[in-house]
Each structure stands twice: as C-alpha cells, then as structure tokens.
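Colleague: Sharing a sequence plus its predicted fold:
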There are 2 protein chains.
Amino acid sequence: MDLAQRSCGSAPCRLSPSEAAALQAAVPEWTIEAGDRLTRSWQFADFVGALAFVNAVGAEAETQSHHPDIELGWGRARLTFTTHDLEDGPGLTESDFILAARIDALPATQTR
Amino acid sequence: MDLAQRSCGSAPCRLSPSEAAALQAAVPEWTIEAGDRLTRSWQFADFVGALAFVNAVGAEAETQSHHPDIELGWGRARLTFTTHDLEDGPGLTESDFILAARIDALPATQTR
C-alpha cells in the first residue's frame, strides 16, 4: 500500500488496533504510542537543519489540513500525530498515517 | 534592567535561585520550572501563525547561538530555555533570560 498516494475523506474514522498495525507497517520508522499516537524522531546537523525540516513538514501539513505536534531542538525534531476530531476522543486515523508517509517522502528528511 | 540590551560573555555561569528570580522579574510572562528551566507559552490563530513565530524565534536564537526547546502545534507554541553546557549539569544562566527578553520583543509574538 502506498499511503503517500492516498487521500482521506471528510469523515475521520478511528482505526482499530489491527488496522493501525497494518498501516504502521507501511511507515516502519514510525512508532505507535499508547494506541493513539504515531511518532517519529529525526536528528540533524544543527538547529537550522532541524528548523528547515519543520518548515517542510508544516507546508505538507497545510496541504492536508492535518497537523502534528512538533518538538524541535538543536539538531533534533520529533513529530507526533493523532486525530483530535473523533467523536470519542483522540485516536489514530488513516490521515495520521498518510501524512507520516508524505513526511517520509520529503527531501528534507535527509539527516546527518 | 533591560535584558534585551545585554550580551553574555563566553563563560556561562549558573545563576543562584535568587539571581534567577531577580531576572525572572524582568520577563514576567516566563515561568521558572524545577529551578533550571525558563518557559513560556503562546497561542496563535492557526498553525501558520505558530510556525511563523517559531521561525522568528529561530532567527533570534541563531544570532545568540543559544537555542530553546520548542513545542509547536496547531495555534500554539511553547519555548523552554535551559543552559546545557554548565560543568555541573543543566541550569539557568543569564543567556536564558536575555534570549527570553529578546523573544518577548519580537513583533511575531503578537497573538490572537
């Protein structure tokens, strides 16, 4: 499954644990935390490199109208996705995995 | 004391709790956490506004060669300063407060 080529409908649908695990296999650098968050960390040569990556992520997030939580520091960045607008609280949806795959495909994910 | 107009020497010097408290009074929007971190949160109208602020912070941090830990999400940003290169572990130095004051002076800190 090439997640980066997919697009989500307007109604988010919580993934079951087995569905989430199946999608996680398509983005193996990412980790599912606590069943409802998808996270990955990167390292960079300096602060400027990390910030450039965050800007590339931000541009991609805007195109999908779906935004990660970002931790940014000198030489490092961490992204965490979860979907907040589910009826029964935050959880993982296909949108989280699609954007993870799109971020993996960014040229700016090249690190030291 | 106008912290934003000061500049630090090359040898970081850990502030005592009373020294840190005195400097914190000059940046009252910031909070000292656990004695060794200086933190402040901002809210913005959207993700793009928050990211623009983080870019302004990054540019300022580069000028001072001192960088915060940044949490960035939709409509919000949080900065945390601490000085890592002290002999006896992370702690607060004048550099942390100077950069806090410089960030408070950024036009991009205008929020919703």
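Modeller: Nice, thanks for sending it over.
Colleague: need the contact list for residue A:27.
Modeller: Under the criterion of C-beta atoms under 8 Å, 6 or more residues apart in numbering or on different chains, the neighbours of residue A:27 are A:3, A:38, A:40, A:97, A:100-101, A:104. C-beta coordinates here come from the backbone N, C-alpha and C atoms, glycine included.
Colleague: Output those of these also counted as contacts of chain B.
Modeller: The subset of the contacts of residue A:27 within reach of chain B, by C-beta under 8 Å from any C-beta of the partner chain, is empty.
Colleague: Show me those residues that map onto helices.
Modeller: Assigned to helices by DSSP state H, the following of the contacts of residue A:27 qualify: A:97, A:100-101, A:104.
Colleague: Quick check: of those, which has the highest neighbour count?
Modeller: Top of those by neighbour number is residue A:97, holding 28 neighbours under the definition other C-beta atoms under 10 Å in any protein chain shown.
Colleague: Check the gap between it and chain B for me.
Modeller: 19 Å (C-beta to the nearest C-beta, to the nearest Å).
Colleague: Check residue A:93 too.
Modeller: From residue A:93 over to chain B the distance is 16 Å, taken as C-beta to the nearest C-beta.
Colleague: before we move on, back to that, will you turn the ones in helices among the contacts of residue A:27 into a markdown table that also has pLDDT?
Modeller: As requested, these are exported to a markdown table (pLDDT from 0 to 100):
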| residue | pLDDT |
| --- | --- |
| A:97 | 95 |
| A:100 | 96 |
| A:101 | 96 |
| A:104 | 95 |
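Colleague: Specify which member of the residues you listed is nearest to chain B.
Modeller: Set against chain B, the nearest of these by C-beta to the nearest C-beta is residue A:100 (16.2 Å).
Colleague: From what I see, the closest one and residue A:4 are in contact.
Modeller: No - using C-beta atoms under 8 Å as the test, residue A:100 is too far from residue A:4 to be in contact (9.1 Å).
Colleague: Give me the contact list for the longest helix seen in chain A.
Modeller: Longest helix of chain A, by residue count under DSSP H: helix A:47-64. Residues outside helix A:47-64 that contact it (C-beta under 8 Å, 6+ apart): A:8, A:42, A:44, A:67-68, A:70, A:72-77, A:79, A:95, A:98-99, A:102-103, A:106-109, A:111-112, B:47-48, B:51, B:54-55, B:58, B:61-62, B:67, B:72.
Colleague: Generate a PyMOL selection restricted to the buried subset of those residues.
Modeller: The following PyMOL command selects only the buried members of the contacts of helix A:47-64, with burial defined by 16 or more other C-beta atoms under 10 Å in any protein chain shown:
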select buried, (chain A and resi 8+42+44+67+68+70+72+73+74+75+76+77+79+95+98+99+102+103+108+109) or (chain B and resi 47+48+51+54+58+61+67+72)
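Colleague: tell me the contacts of the residue nearest the centre of chain A?
Modeller: Among the residues of chain A, residue A:100 comes closest to the average C-alpha position under C-alpha atoms, centre = their mean, at 3.3 Å. Listed by C-beta under 8 Å, 6+ apart, the contact partners of residue A:100 are A:3, A:27, A:30, A:38, A:40, A:79, A:81.
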